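Asks: next one to model:
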Amino acid sequence: MRLQALTARYMKRVTTGLENLCRNPPAWLKGCRLGLLCNPASVDRQFRHARDLVVRRFPGQLKALYAPQHGFQAEKQDNMAESADSIDPILKIPVFSLYSNTRVPTRDMFAPIDVLLVDLQDAGTRVYTFIYTLSYCMEAARTYSKKVLVLDRPNPVNGQTVEGNCVAADCTSFVGRYPIPMRHGLTIGELALLFNRHFGTSCDLEVMPMQNWRRTMTYTDTGLPWVPPSPNLPTPVSAMVYPGQVLWEGTNVSEGRGTTQPFELFGAPFIEPRLLAAAVTATELPGIILRPVTFEPTANKWSGHPCHGFQIHVTDPSCYRPYTTSLKLLQAVIRHHRQNFQWKPPPYEYEFERLPIDLIIGDRTVRERIERLDPIVDIVASWRDALDRFVTLCRDVYLYD
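Replies: Next comes the predicted model:
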């Protein structure tokens with residue numbers, strides 16, 4: 001009981017960059033025209049939104065709002081569902097969409113501001129587009145002589161576990177602009193520093209750090225409220241499985257979109273769960289239990305059709321490796337259902353020629369090895385040196401521990 005009480009006290013002390021900005025803003029912000037890149041997950045622990053907090057803390061200074069993929073209200077469900085520019089009904093200032101006819105801020109978009117505040121909850125996964133919207137904003141800030149202040153938030157799947165291959169040069173895209181692994185182990189503030197110092201964005205950048213966040217924490221350890229950063233990450237558990245389960249987006253297997261448990265569920269009408277359960281034993285999938293299910297999506301792949309598959313129940317996040325786990329599951333589906341399994345054709349995130357799975361994995365040779373049924377353990381071993389180099393590089397940008 002004493003340990004639980006100490007843990008509860010420890011959790012309550014985590015504060016985000018947004019909260020720290022409001023408590024102790026840097027003096028140089030005085031008089032600056034501010035822009036804010038945010039969405040519904042940009043809240044403090046009382047669920048007060050960043051827009052309202054910034055207006056209260058910096059009266060008259062907020063001049064423009066910016067929205068990432070899924071829209072300012074996170075109302076757009078699917079990939080390549082664009083949101084339009086608008087006017088904020090309360091503040092009467094522009095809301096610029098950065099997931100529309102352009103994903104790169106234009107000169108006109110940045111004209112109303114001197115400083116861009118960025119308050120986005122990242123998913124801790126390389127393919128989550130918010131971090132590339134940030135990178136484009138940083139490049140535009142350099143071009144148009146603006147400053148960027150990133151308000152840091154937790155990596156929801158912890159800040160110490162790094163997993164997966166780094167993006168190959170021929171597989172760069174809006175879901176992988178830089179050679180980073182699927183599970184990068186960085187906060188969004190640390191990623192901004194990495195982009196700036198090592199990947200050439202080179203803008204005038206500062207990060208408002210969190211307080212009392214530790215790299216070992218998953219999101220539920222922080223004591224902070226979870227607001228879905230996008231419609232298909234409704235809970236911290238969906239974020240935990242996402243670094244692996246996002247692979248199904250590149251296939252004709254449902255990743256659970258159109259259900260209440262996206263990414264936790266996966267399946268298709270042609271899958272026989274007993275075959276997969278026999279092919280991938282529990283000892284090969286540490287930290288989870290696979291529960292056979294049948295579900296019927298109301299939208300997206302296999303809408304209105306019963307899909308047979310599994311729900312992933314995470315029992316031990318410390319040893320669960322989502323990317324490796326889903327690679328094993330993907331290969332098992334190919335092995336036993338090759339006659340029905342298909343790779344999803346383009347387009348995917350504004351790429352119209354390359355296979356979506358190659359962009360998601362970030363390396364077409366990994367896809368080819370999976371198709372050949374090469375042992376996953378050998379595939380994982382092949383990227384270990386590059387992963388070690390990435391971890392070494394990241395130590396230069398760590399803000400915590």
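Asks: residue contacts, the most centrally placed residue in the chain?
Replies: The centre of the chain sits closest to Ala123, judged by CA atoms, centre = their mean, with a distance of 3.0 Å. The contact partners of Ala123, taken as CB atoms under 8 Å, 6 or more residues apart in numbering, are Phe130, Pro156, Val157, Pro229, Leu233, Ala239, Tyr242, Pro243. Yep, even glycine has a C-beta here, placed from its N, CA and C like the rest.
Asks: where in the stretch 151-300 of the chain is pLDDT low?
Replies: Counting by pLDDT under 70, the low-confidence segments of the stretch 151-300 of the chain come to 282.
Asks: can you give me the helices in it?
Replies: 188-198, 236-245, 273-279 (DSSP state H, counting those that start in this stretch).
Asks: contacts for the last one, please.
Replies: In this case it means helix 273-279. Contacts to helix 273-279, defined as CB under 8 Å, 6+ apart, come from residues Gly267, Leu290, Pro292, His308, Gly309, Phe310, Leu329, Ala332, Val333, Arg335, His336, His337.
Asks: excluding chain neighbours, what is closest to the third one?
Replies: So that's Pro292. Spatially, and ignoring its direct neighbours in sequence, Pro292 is nearest to Pro273 (4.2 Å; CB to CB, 6 or more residues apart in numbering).
Asks: one step back: closest to Pro347 out of the helices of the stretch 151-300 of the chain?
Replies: Pro347 lies closest, by CB to CB, to one member of the helices of the stretch 151-300 of the chain: helix 236-245, at 21.0 Å.
Asks: the closest one packs against which elements?
Replies: Where contact means 3 or more CB pairs under 8 Å, 6 or more residues apart in numbering; DSSP states H and E, helix 236-245 is packed against strand 307-314, helix 322-336.
Asks: hang on, Tyr400 packs against Gln211?
Replies: No: Tyr400 is not in contact with Gln211 according to CB atoms under 8 Å; the separation is 9.6 Å.
Asks: number of nearby residues for Asn155?
Replies: 30 (other CB atoms under 10 Å).
Asks: ok, now which ones touch the residue lying closest to it once chain neighbours are set aside?
Replies: Take Asn155 and drop its neighbours on the chain: the residue closest to it by CB to CB, 6+ apart is Gly124, 4.3 Å away. Neighbour list for Gly124: Asn155, Pro156, Val157, Asn158, Arg183, His184, Gly185, Ala239, Pro243 [criterion: CB under 8 Å, 6+ apart].
Asks: from these, pick the one nearest Arg23.
Replies: Asn155 (22.2 Å).
Asks: quick one, what contacts the closest one?
Replies: Residues near Asn155 by CB under 8 Å, 6+ apart: Asp122, Gly124, Gly185, Leu186, Thr187, Ile188.
Asks: related to what we said a few turns ago, in a helix, that's where the residue nearest to the centre of the chain is, yeah?
Replies: No: Ala123 sits outside any helix when classified using DSSP: H, G, I helix; E, B strand; the rest coil, being coil.
Asks: and it, what's its pLDDT?
Replies: pLDDT recorded at Ala123 is 98.
Asks: phi, psi of it?
Replies: phi -100, psi 0 (degrees, to the nearest 10).
Asks: distance of it from Ala41?
Replies: 10 Å (CB to CB, to the nearest Å).
Asks: anything in contact with each of these two?
Replies: Counting by CB under 8 Å, 6+ apart, the residues touching both Ala123 and Ala41 are Pro229.
Asks: direction included, what does the helix or strand harbouring Lys63 pair against?
Replies: Using DSSP states H and E, Lys63 falls within strand 62-67. When pairs are called by DSSP bridges, strand 62-67 turns out to pair with strand 34-37 (parallel), strand 94-97 (parallel).
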